[in-house]
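> one predicted model, sequence on top.
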Amino acid sequence: MYLAETDPPAKMTMRGTAVHYEMLDLVRERANEKDWDLIFDSGPNAEYRTMVWERPALSATGVVTELEIGFSPDGRIIFSERRRGGVAHKRVKPNNAFGSTDVCLAALQMI
């Protein structure tokens, strides 16, 4: 798993054989598995953390696909957006505070 030098250490707790990840670590791992390149990271000191990934290969239509994910200070995904050629294609944002699980699952499916 890649962690930038500016990131704090990943908080993983070992309990028996189970390893617990933060959502940020899970998103990074999934993006690496699917060959997305991290092109922007606002860092942990922002009001909310924004990370943007790009597909190195062009899509079937010949345009670049980008994925932007925003994280709250406590590590939850607060929005995700997929863009094709710079134009928003799909955006997921909760209507209320209880949609965080749905937003996380939708973001992981976008990857």
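The structure has been received and is ready for your questions.

> pull the CA atoms of stretch 103-111 into CSV?
This file holds the C-alpha atoms of stretch 103-111, laid out as CSV (Å, rounded to 0.1, in the frame of the first residue of the first chain):
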residue,chain,number,x,y,z
VAL,A,103,-21.7,6.9,-0.3
CYS,A,104,-18.7,4.7,0.6
LEU,A,105,-20.0,1.8,-1.3
ALA,A,106,-20.8,3.9,-4.3
ALA,A,107,-17.3,5.4,-4.3
LEU,A,108,-15.7,2.0,-4.2
GLN,A,109,-17.9,0.8,-7.0
MET,A,110,-16.9,3.8,-9.1
ILE,A,111,-13.3,2.7,-8.8
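
> where does the prediction get shaky in this protein?
1-21, 58-60, 94-100 (pLDDT under 70).

> now do the helices in it.
Secondary structure of the chain by DSSP state H: the helices cover 23-33, 100-110.

> mean neighbour count and distance to Glu66 added to the ones you listed, as TSV?
C-beta coordinates here come from the backbone N, C-alpha and C atoms, glycine included. What follows is these, written out as TSV (neighbours: other CB atoms under 10 Å; distance: least, CB to CB, whole Å):
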stretch	mean neighbour count	distance to Glu66
helix 23-33	17	12
helix 100-110	16	11
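
> lovely, talk soon.
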